[in-house]
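[1] Pasting the sequence and the predicted model now:
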Amino acid sequence: MSDSQAENSVYWALRDGYRLIDTARIYGNEAGVGRGIRRAINDGFVTREEIFVTTKMWTADFDNGAAAVNASLERLGLDYIDLMILHHSQPRNDVQAYQAMEQAVRDGKLKSIGLSNFYEPEDFDRLVNATEIVPALLQNETHPYHQSGVMKEHLKKYGTVMESWFPLGGRGNTQILFDDPTISSIAVAHGKTSAQVILRWHLQAGNIAIPGSSNEAHIQENCEIFDFELSDEEMAKMTALNKDERFASY
Ligand SMILES: NC(=O)c1ccc[n+]([C@@H]2O[C@H](COP(=O)([O-])OP(=O)(O)OC[C@H]3O[C@@H](n4cnc5c(N)ncnc54)[C@H](OP(=O)(O)O)[C@@H]3O)[C@@H](O)[C@H]2O)c1
């Protein structure tokens with residue numbers, strides 16, 4: 001999203017009841033996200049304490065992690081960031097980058113830290129064993145066709161939670177999931193959309209979903225998932241959709 005799209009989307013989302021905002025340095029829209037947050041605070045929809053702002057450190061910044069934290073704070077226009085995560089595993093220098101985030105936690109600049117795009121338990125353990133603060137969260141591609149079961153099981157022993165990126169399949173792929181006969185028939189049965197059924201599945205499966213949208217109506221639709229519930233049978237049907245297939249190649 002451009003800065004102006006990000007600003008509007010964040011503003012609409014906070015107005016509609018969202019409390020978690022996800023961005024990244026590499027998206028080039030941290031400044032727009034910060035403006036959307038300030039507009040929502042100024043209009044009285046939320047306070048800073050009520051919201052949870054996540055950004056990510058890009059791999060090219062791993063050798064200069066302290067500067068990367070400061071630059072994200074500056075662009076967002078915030079005094080602290082609720083969660084910063086390393087955008088990708090990069091064994092050459094991700095431990096060093098993570099240690100810079102640990103220092104930023106001690107300095108009060110970051111409230112919590114975590115990881116993204118660690119797909120092998122051994123790779124996750126490599127970083128955890130070399131650092132002090134257990135990652136609060138792992139953000140990996142997770143949706144009905146790639147349910148991340150092995151990593152979710154692995155995370156349990158650390159108390160780390162799974163956050164789903166591409167929760168709806170991601171830009172360009174969503175229609176594949178929306179048209180899936182199992183998902184669309186569950187949607188019809190509840191008088192909901194396929195997007196809402198997928199997001200409700202994430203919730204009941206214990207995933208933190210971060211749907212992306214720059215469409216005001218979709219943003220509203222995607223948070224109207226707290227007035228229905230998938231039965232055990234429907235959850236089992238959703239679980240059976242897993243193909244261990246990712247849409248993205250990174
Ligand atoms: N860590 C990583 O490497 C990584 C990688 C990719 C993404 N992410 C994060 O994951 C989050 C979501 O990613 P994403 O936006 O790419 O994937 P997504 O949420 O799975 O899909 C977004 C797509 O779905 C459409 N959409 C959303 N709600 C809809 C609805 N109710 N009905 C119909 N279409 C709908 C959006 O179009 P409209 O705009 O038209 O609604 C957009 O094309 C973002 O916060 C992103 O930062 C992280």
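    The structure has been received and is ready for your questions.
[2] where does whichever residue of the chain sits closest to the ligand land on pLDDT?
    Residue nearest to the ligand within the chain: Gly212 (2.0 Å; CB to the nearest ligand atom). Using the backbone N, CA and C atoms, a C-beta is placed for each residue, glycine as well. Gly212 is assigned 98 on the pLDDT scale.
[3] contacting residues around it?
    Listed by CB atoms under 8 Å, 6 or more residues apart in numbering, the contact partners of Gly212 are 1, 171.
[4] So what does it look like in phi/psi?
    When quoted as degrees, to the nearest 10, the phi and psi of Gly212 stand at phi -100, psi 140.
[5] what's the offset of the host helix or strand of Ala104 from the middle of its chain?
    Using DSSP states H and E, Ala104 sits in helix 94-106. Centre-to-centre, helix 94-106 and its host chain are 20 Å apart (CA atoms, centre = their mean, to the nearest Å).
[6] Which secondary structure elements does that helix sit against?
    The contact analysis (3 or more CB pairs under 8 Å, 6 or more residues apart in numbering; DSSP states H and E) places helix 94-106 against helix 65-76, strand 81-86, strand 110-116, helix 121-129.
[7] Quick one: neighbours of Leu76, just the number.
    Neighbour count for Leu76, taken as other CB atoms under 10 Å: 23.
[8] excluding its backbone neighbours, what's nearest the spatially most central residue of the chain?
    Central residue of the chain (CA atoms, centre = their mean): Ile210, 4.5 Å from the mean position. Using CB to CB, 6 or more residues apart in numbering and skipping the chain neighbours, the partner closest in space to Ile210 is Asp22 (4.6 Å).
[9] Test my guess that that neighbour contacts Thr54.
    Yes: between Asp22 and Thr54 there is a contact under CB atoms under 8 Å: 4.7 Å.
[10] Okay, and the residue located most distally from the centre of the chain sits in which element?
    The C-alpha centroid of the chain is most remote from Ala189, which lies 28.3 Å away (CA atoms, centre = their mean). Using DSSP H and E, Ala189 sits in helix 181-190.
[11] which residues touch the helix or strand just after that helix?
    Remark: after helix 181-190, the chain's next helix or strand is helix 194-205, criterion DSSP H and E. With contacts defined as CB under 8 Å, 6+ apart, helix 194-205 is touched by 142-144, 147, 164, 167-168, 174, 177-180, 183-184, 186-187, 190, 192, 208-209, 211, 218, 221-222, 224-225, 228-230, 235, 238-239.
[12] Next one: whatever helix or strand comes next after helix 194-205, is it in contact with the ligand?
    Later in the chain than helix 194-205, the nearest helix or strand by DSSP H and E is strand 208-209. No: legend: contact between strand 208-209 and the ligand by CB under 6 Å from any ligand atom is lacking; minimum distance shown is 8.0 Å.
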